[in-house]
Every structure is written in C-alpha cells, then in structure tokens.
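Peer 1: from the sequence below, what's the structure:
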Amino acid sequence: MKSLSARERRTYRTRKRIQRPIDTGRARLSVFRSARYIYAQIIDDMSGHTLAEANSKTLARSGNKVDHAKAVGLAIAERAKAAGVVRVVFDRGPYRYHGRVKALADGAREGGLEF
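Peer 2: Numbering: from 1, shown residues only. Predicted structure coming up:
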C-alpha cells in the first residue's frame, strides 16, 4: 500500500472534519487553487453531483489573483443561489485559510452563501 504525501494527508484530514455537517443536508463548497487560476464548485455529497461551478479561467477580470478569487466567490454564490443552495460547508482542502482562499470565501459570503 502506498504511503500518502503530506498534502494528501492534509486534504483527507480537512475533509473528514467537515463530513459531520454534510450529514445535516448542507452542500460542500470545494476549492482548488493552481498557480494561475482558482476553481470552486458546490457538490452535493449525498448524490455525488456538482450543482454549480465557477473559475477564474472563464471569468475575464482584471487585477491580481486575489481580485480574481473574490470574483469567483461572487460568481459561485450567484450560481448556487440559482440552483437553490444557500447553506454550504467550506472545504478548503490542503490550503490555508488566507490569501486567495480567504478572498473566495469572503466573496461567496458577500454573494449570499451561508457557511
């Protein structure tokens, strides 16, 4: 059996911590951050389907990466509300809650999502 990298251990640890609130019927707002772009998706873990998604690759915005992340947060909130999702659990994965990840979360809150 292969041993897990530190990144994979952090990801699994974070996801395990948020699984209890998922049982209450909340969807999961999952974040993936690459060197250039940031992606977010709302996932219904009970059915395994993605309900809404947004990323900085398709949003033509000017500014730095933090501004792009905030725009993605606003876009994901708008698309989630259109899909009927208001309450979510924030899954930051292996990333620390600062910088672009924090900007995305703040944008989603401003857009109307409740964490």
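Peer 1: quick one: R109 and A103 touch, right?
Peer 2: No: using C-beta atoms under 8 Å, R109 is not in contact with A103; the gap is 10.8 Å. Quick note: C-beta positions are derived from backbone N, CA and C, even for glycine.
Peer 1: low-confidence ranges, this protein, go.
Peer 2: Counting by pLDDT under 70, the chain contains low-confidence ranges at 1, 19-23.
Peer 1: which residue ranges form the strands in it?
Peer 2: For the chain, the strands defined by DSSP state E occupy 27-33, 38-44, 49-55, 88-91.
Peer 1: name the residue in R109 and A103 with the higher neighbour count.
Peer 2: The residue with more neighbours, out of R109 and A103, is A103; 21 against 15, by other C-beta atoms under 10 Å.
Peer 1: so who does that one touch?
Peer 2: The contact partners of A103, by C-beta atoms under 8 Å, 6 or more residues apart in numbering, come to V66, D67, A69, K70, G73.
Peer 1: any idea what the closest residue in space to R15 that isn't next to it in sequence is bridged to?
Peer 2: Of all residues not flanking R15 in the chain, D91 sits nearest, at 6.3 Å (C-beta to C-beta, 6 or more residues apart in numbering). Under DSSP bridges, the beta-bridge partners of D91 are S30.
Peer 1: neighbours of D91, just the number please.
Peer 2: Counted with other C-beta under 10 Å, the neighbours of D91 add up to 22.
Peer 1: re earlier: joint contacts of R109 and A103?
Peer 2: G73.
Peer 1: quick one: the residue nearest to R15 and H68, what's the gap?
Peer 2: Using C-beta to C-beta, to the nearest Å, D91 is found at 20 Å from H68.
Peer 1: got it, and E8?
Peer 2: Applying C-beta to C-beta to E8 and H68 gives a distance of 26 Å.
Peer 1: which one of the two has more residues nearby?
Peer 2: Neighbour totals were compared for E8 and H68, and H68 leads with 24 against 12 (other C-beta under 10 Å).
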